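S.K.: This is a predicted model, with the sequence first.
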Amino acid sequence: MTQDPLLSVQNVTTQFVTEEGIVRAVDDLSFDVHRGETLGLVGESGAGKSVAIRSIMRLISSPGEIVSGTITYKGHVILDRSQGPDGEVRDGEAMLSEAEMRSKIRGREIALIFQDPMESLNPVFTIGSQLREFIEINRDLSNAEAKAEAIELLREVGIPEAESRYHEYPHQFSGGMRQRVLIAMALACKPDLIIADEPTTALDVTVEGQILDLIEQLKTEYETSFIWVTHDMGVVAEICDRVNVMYLGELIEQAPVDELFHETKHPYTEALLRSIPKPHETTGEFDPIRGIMPDGMNAPSGCRFHPRCPDAREVCMSVHPDLREIDDGQNAACLKYDVFDADYDDSPPLVVDENGERVPAETVESVGGDD
Amino acid sequence: MLIGIATITFLLVNAMPGDPVRIMLGPGTDQATIDAVQSRYGLDQPLYERYFNYMAGVAQGDLGNSIHYNGVPVTEKILERLPVTLLLVASSFTLAISMAVPLGAIAARRQNKATDHVSRIIALIGVSTPSFWIGLMLIIVFAYQLNVFPSSGLIMPWAHPSDVPQAANRIEVLGSSLYHLVLPTITLGTLQTAAIMRIQRSSMLEVLNRDYITLAQAYGVSSRTVLRKHALRNAQLPVVTIIGIQLTTALGGAVLTETVFSINGMGTLIITAVESQDYPLIMGVTLFFGVIFVVGVLITDLLYAYLDPRITYGGGDH
């Protein structure tokens, strides 16, 4: 891992302007992806995972906007944007134009697989024509060559009778088969990075297993890097090398997969891991994360996780922790670690109020007195 | 459905006060003449008998004879006027579709930008302005003030040159026909344009937010191709539905437009029929509008199957 990263994301912030106000769906996000590795991007629904990966492809459309950050990929500057004090965003000169993004990056270098394979395929065109179109755009092949290549790809991802199924429409395919088609699309241009946005969430477990096996096989064959977006810790354990955990648009823990599971640093990650149902537990023992994730509009002050955090203390309400190295190769954003030097140990713990949120002890007593 | 239309029209027409024969013959006609004419058109028979005679005739394609036009068969009268109305409806739909589909798509693409706001305001004005008012305004401005377009009449493009004033050959007939068509087409087409555009925009907006659109962009497909190829066809289903429904509104609009521009089409025919209480003619024209509506719906359904491979007719296990 000493070589330059394949993809480097630095301080990317993406916001959405809505009628109620500005939502920072992705806030100051930084991470690297190295060659040949599979990076997990984990978090609850609404954590900003999908916006994060669309930001990497520069596919954020109005009312969303990437307001700052730099993204480099193999020397290409995908994003170099800064926001001046007047709120005006400025792009660096080396940043790829929209046309260059199309002709150099999208599809050719970085490919995308989405969660819902039915929604990801255009219902009015045949599987073959969609696959062929993407091949024709990104590789200089004639119509007939692209068709042959498309059939070959369908065969490679395990679609039986590829020649005849080439002429069928998406609704004639099962969920698992559709996801295989999407993987074939992603492989079509031999990209070095595939971003998969919860690609197995919509599939049942046996099909999910088959797809994961297929991905493993293709990984060894093509040495492709992956960013694997998921909220399923089981899938993370199975295929990821390193993991980024997101909460409310921010990264709160980065760790190699073994450390993440066995030496968990952030209380949110701990809670996520505890919330995986285990076969020997009954529903009574099942331990979901308390409370719901606040929306980005009303992000809590200080540490954004403090209203739901079992380790929260008063200092967590006012000090916002950034991501710091806690152990070798393991970063977390939690004030309980000494590197933050935030007087966490001397701060009084928060208690749970009637809404299940954590608040300072005295506020709960006064509320109780009014009743 | 057509039987229902025929029955309801028959009952409504016969519930109207007044007598077509008296209207045709004028006041002061003696009772013997009135009785004679009534019996000629079968109006002296009881209602149920007339109903069964009429329905039997309809089933054989005979819509009866017009009273106002002195016994000319209703079908003949309709076929004489039909091409004019069809020409008007077709030209207004051509205008509407060719304007509304691209404008709606562009408005969706530039959602909440100036283009979108302007086109939405125009569409709103378009659907809320009565077509006869638009027609009258166009006549005032373009026919009387500027004197660039004729205010009345319509010439069929296939008319013989000798029947058309100031036309020496077929090309000039065609030109004259187009010239006469401009104002009525705009009058009738404005509402259709606005209605189709609104649906086109909202349907397009929905489709543009779909994952397969983002996916196509993520594979380097240009935004133009995404819009024209990937989004447009998916967005057309609701638009085709509205076009089918608009066909009926267009027939209603044709009645007003033909009156405003003094065009002898189906619209003026039904107005004449109602004014003279010409029972067979009213029923015949109404029934014919019903037929056009049914054909419109059928075409819509067939277009569905063409646009969306998930819809097939006649079974098949896919």
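M.R.: Everything's here; your move. Given the structure is predicted, the values throughout are model-derived calculations rather than measurements. Residues are numbered from 1 along each chain as shown, chains lettered A, B, ... in the order given.

S.K.: packing partners for whichever helix in chain A runs longest?
M.R.: Longest helix in chain A, counting residues (DSSP state H): helix A:205-222. Contact analysis of helix A:205-222 by 3 or more C-beta pairs under 8 Å, 6 or more residues apart in numbering or on different chains; DSSP states H and E lists helix A:175-187, helix A:233-239 as its packing neighbours. Heads up, the C-betas are built off the backbone N, CA and C, glycines and all.

S.K.: and among the ones you listed, the most buried is which?
M.R.: Most buried of the helices and strands packed on helix A:205-222, by mean neighbour count (mean count of other C-beta atoms under 10 Å in any protein chain shown): helix A:175-187, with a mean of 24.

S.K.: Just after it, pick out the following helix or strand.
M.R.: Next helix or strand after helix A:175-187 toward the C-terminus (DSSP states H and E): strand A:193-197.

S.K.: who does that next one pair up with?
M.R.: strand A:110-113 (parallel), strand A:225-230 (parallel) (DSSP bridges).

S.K.: okay, those strands, which one's buried deepest?
M.R.: Per residue and on average, the most neighbours among the strands paired with strand A:193-197 fall to strand A:110-113, with a mean of 28 (mean count of other C-beta under 10 Å).

S.K.: Name the next helix or strand following it along the chain.
M.R.: Next along the chain from strand A:110-113, counting by DSSP H and E, comes helix A:117-120.

S.K.: Which of the helices and strands packed on helix A:205-222 sits closest to residue B:54?
M.R.: helix A:175-187 (57.1 Å; C-beta to C-beta).

S.K.: list the contacts for the residue lying closest to residue A:117 once chain neighbours are set aside?
M.R.: Excluding the flanking residues, the one nearest residue A:117 by C-beta to C-beta, 6 or more residues apart in numbering or on different chains is residue A:178, at 3.5 Å. By C-beta atoms under 8 Å, 6 or more residues apart in numbering or on different chains, the residues touching residue A:178 are A:117-118, A:120-121, A:170.

S.K.: Just give me the neighbour total for residue 223.
M.R.: Reading this off chain A. Counted with other C-beta atoms under 10 Å in any protein chain shown, residues neighbouring residue A:223 total 10.

S.K.: sorry, should have said chain B
M.R.: Residues near residue B:223, counting by other C-beta under 10 Å: 15.

S.K.: do the one 4 residues further on as well
M.R.: Other residues near residue B:227 come to 20 when the count uses other C-beta under 10 Å.

S.K.: I'd like to know how far it sits from chain A.
M.R.: Residue B:227 sits 12 Å away from chain A, going by C-beta to the nearest C-beta, to the nearest Å.

S.K.: wait, doesn't that residue sit right on residue B:105?
M.R.: Yes. Under the criterion of C-beta atoms under 8 Å, residue B:227 makes contact with residue B:105 at 6.3 Å.

S.K.: how about the longest helix of chain A: buried residues?
M.R.: By 16 or more other C-beta atoms under 10 Å in any protein chain shown, the buried positions in helix A:205-222 come out as A:207-208, A:210-212, A:214-215, A:218-219.

S.K.: ok, residues contacting that helix?
M.R.: Residues outside helix A:205-222 that contact it (C-beta under 8 Å, 6+ apart) are A:36, A:38, A:157-158, A:175-176, A:179-180, A:183, A:187, A:190, A:196, A:199-200, A:203, A:224, A:226, A:235, A:238-239.

S.K.: Rounded mean pLDDT for stretch A:174-181, please.
M.R.: Summarised as a single mean, pLDDT over stretch A:174-181 is 87.

S.K.: follow-up on the earlier one: reformat the buried residues of helix A:205-222 as TSV; add pLDDT.
M.R.: Below are those laid out as TSV (pLDDT from 0 to 100):
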residue	pLDDT
A:207	80
A:208	83
A:210	83
A:211	83
A:212	87
A:214	83
A:215	84
A:218	81
A:219	84
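
S.K.: returning to what we had before: could you export the helices and strands packed on helix A:205-222 to CSV, including columns for distance to residue B:295?
M.R.: Conversion of these to CSV gives the following (distance: least, C-beta to C-beta, whole Å):
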stretch, distance to residue B:295
helix A:175-187, 38
helix A:233-239, 55
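
S.K.: Residue B:310 is nearest to which of the ones you listed?
M.R.: helix A:175-187 (13.9 Å).

S.K.: returning to that earlier point: please convert the contacts of residue A:178 to a markdown table, extending it with pLDDT.
M.R.: Output for those, formatted as a markdown table (pLDDT from 0 to 100):
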| residue | pLDDT |
| --- | --- |
| A:117 | 77 |
| A:118 | 79 |
| A:120 | 88 |
| A:121 | 90 |
| A:170 | 90 |
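
S.K.: And residue A:247, how far from chain B?
M.R.: From residue A:247 across to chain B, the span is 24 Å (C-beta to the nearest C-beta).

S.K.: Residue A:26 against residue A:11, yeah?
M.R.: No. Look at residue A:26 against residue A:11 with C-beta under 8 Å: they stay out of range, at 10.4 Å.

S.K.: In terms of packing, which of the two has more residues around it?
M.R.: A side-by-side neighbour count of residue A:26 and residue A:11, using other C-beta under 10 Å, places residue A:26 first with 31 against 14.

S.K.: Any idea what the more buried one is bridged to?
M.R.: Counting by DSSP bridges, the residues bridging with residue A:26 are residue A:14.

S.K.: show me what contacts it?
M.R.: A:12-14, A:48, A:51-52, A:55, A:249.

S.K.: What parts of chain A come near chain B?
M.R.: A:54, A:57, A:59, A:62-63, A:101-103, A:105-108, A:111-112, A:114-116, A:119-126, A:133-134, A:137-138, A:168-169, A:171-172, A:182, A:185 (C-beta under 8 Å from any C-beta of the partner chain).

S.K.: So, low pLDDT: which residues of chain A?
M.R.: A:1-3, A:281-287, A:364-371 (pLDDT under 70).

S.K.: Can you show me the helices along it?
M.R.: Counting by DSSP H, the helices of chain A are A:49-56, A:98-100, A:117-120, A:127-138, A:143-156, A:162-165, A:175-187, A:205-222, A:233-239, A:257-262, A:267-274, A:361-370.

S.K.: quick one, which of those is nearest to residue B:235?
M.R.: Checking those against residue B:235 by C-beta to C-beta gives helix A:117-120 as the closest, at 15.4 Å.

S.K.: Which elements pack onto that closest one?
M.R.: Secondary-structure packing of helix A:117-120 (3+ C-beta pairs under 8 Å, 6+ apart): helix A:175-187, helix B:211-218.

S.K.: Not counting the helix or strand harbouring residue B:138 itself, show me its contacts.
M.R.: Here residue B:138, judged by DSSP H and E, is contained in helix B:131-138. With contact meaning C-beta under 8 Å, 6+ apart, helix B:131-138 is reached by B:149, B:183-184, B:186-188, B:190-191, B:253, B:256-257, B:259-261.

S.K.: pull the CA atoms of that helix into PDB?
M.R.: Provided in PDB are the C-alpha atoms of helix B:131-138 (Å, rounded to 0.1, in the frame of the first residue of the first chain):
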ATOM      1  CA  SER B 131     -60.000  28.700 -27.800                       C
ATOM      2  CA  PHE B 132     -62.700  30.900 -29.300                       C
ATOM      3  CA  TRP B 133     -61.200  33.900 -27.600                       C
ATOM      4  CA  ILE B 134     -57.800  33.000 -29.000                       C
ATOM      5  CA  GLY B 135     -59.500  32.600 -32.400                       C
ATOM      6  CA  LEU B 136     -61.100  36.000 -32.200                       C
ATOM      7  CA  MET B 137     -57.900  37.700 -31.000                       C
ATOM      8  CA  LEU B 138     -56.000  36.100 -33.900                       C
END
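
S.K.: List the buried residues of that helix.
M.R.: Under the neighbour-count criterion of 16+ other C-beta under 10 Å, helix B:131-138 has B:131, B:134-135, B:138 buried.

S.K.: Send over the lowest-mean-pLDDT helix or strand in chain B as CSV, restricted to the C-alpha atoms.
M.R.: Taking mean pLDDT, DSSP states H and E as the measure, the helix or strand of chain B with the lowest value is helix B:20-25, at a mean of 72. What follows is helix B:20-25, C-alpha atoms only, in CSV (Å, rounded to 0.1, in the frame of the first residue of the first chain):
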residue,chain,number,x,y,z
PRO,B,20,-87.9,20.2,-36.1
VAL,B,21,-90.6,20.1,-38.7
ARG,B,22,-92.2,23.3,-37.4
ILE,B,23,-88.9,25.0,-37.3
MET,B,24,-88.1,23.9,-40.9
LEU,B,25,-91.4,24.9,-42.4
